[in-house]
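*Asks:* sharing a model prediction with you, sequence too.
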Amino acid sequence: MLFYGNYWTSQKKEKLLVTSAQSIIENNALKMDQLLNYSFNENWISEVEDLLGVLSKTDENFPYISIVQKDSIRKLAVFLEFQNYYGSRTDSIPPEKKDYIFKTTQPEREYLDAIFDSNNTNIRFSADEGRYELYYPYQKNGKKMVIYFSDQQNYGSFGK
């Protein structure tokens, strides 16, 4: 019974997250297109923080949303995750890429590499012991980003 309950909950959560992701992109197309103009600087990071702050409060299906971009640090390819601005905007010290590194597993890196380095547009959903993750690629005019949604729920509960 637990297996089927977990499977049913995972399927339901995947549909909810995908529907929410599509809705957010459609209803905020201009803002999402602005985020495609990735540049690691205070202005772009602040735009992300402002938009995601509003979006994360508009849909109860995902309490956590962030933007993932591929970049490099000292010629080493990395994935950076943006949700909040780290540091003080009144400080003269600019943001550092290392503060935004997105920790991933090998399969996640392979998936993200396929998104950023080729024309892969597949969505990636995973569910593990009540943790749900959705990687939702967004591309336009040759520019790419991945919108990352996650949710945590007590194992075995039949939640939203």
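*Replies:* It's in.

*Asks:* so how far is Arg109 from the most centrally placed residue in the chain?
*Replies:* In the chain, the C-alpha nearest the mean C-alpha coordinate belongs to Tyr148, at 1.6 Å (C-alpha atoms, centre = their mean). Distance, Tyr148 to Arg109, by C-beta to C-beta, to the nearest Å: 14 Å. Heads up, the C-betas are built off the backbone N, CA and C, glycines and all.

*Asks:* cool, and Asn120?
*Replies:* 13 Å.

*Asks:* now Glu26
*Replies:* Per C-beta to C-beta, Glu26 is found 29 Å from Arg109.

*Asks:* higher neighbour count, these two?
*Replies:* Ranked by neighbour count (other C-beta atoms under 10 Å), Glu26 and Arg109 place Arg109 first, with 14 against 9.

*Asks:* got a list of what the more buried one touches?
*Replies:* Phe79 (C-beta atoms under 8 Å, 6 or more residues apart in numbering).

*Asks:* lowest confidence element among the helices and strands of the chain?
*Replies:* helix 2-27 (a mean of 74; mean pLDDT, DSSP states H and E).

*Asks:* just the strands from the protein, written as ranges.
*Replies:* Taking DSSP state E, the strands of the chain run over residues 64-73, 76-82, 124-128, 131-140, 143-152.

*Asks:* right, and those - which one's nearest Val48?
*Replies:* The closest of these to Val48 is strand 76-82. By C-beta to C-beta, the value is 4.5 Å.

*Asks:* any idea of the mean pLDDT in that closest one?
*Replies:* Taken as a whole, strand 76-82 carries a mean pLDDT of 97.

*Asks:* shaky segments in the protein?
*Replies:* Residue ranges of the chain with pLDDT under 70: 1-9, 59-63, 87-89, 153-160.

*Asks:* one more time with 80, if that's ok
*Replies:* 1-11, 13, 55-63, 85-92, 129-130, 152-160 (pLDDT under 80).

*Asks:* any idea how far Tyr132 is from the spatially closest residue to Arg131 that is not a sequence neighbour?
*Replies:* Closest residue in space to Arg131, ignoring its immediate chain neighbours: Gln152 at 5.4 Å, by C-beta to C-beta, 6 or more residues apart in numbering. Going from Gln152 to Tyr132 by C-beta to C-beta gives 8 Å.

*Asks:* also Ile24?
*Replies:* 16 Å.

*Asks:* before we move on, what about Ser72?
*Replies:* 30 Å.

*Asks:* kind regards, and thank you for your time.
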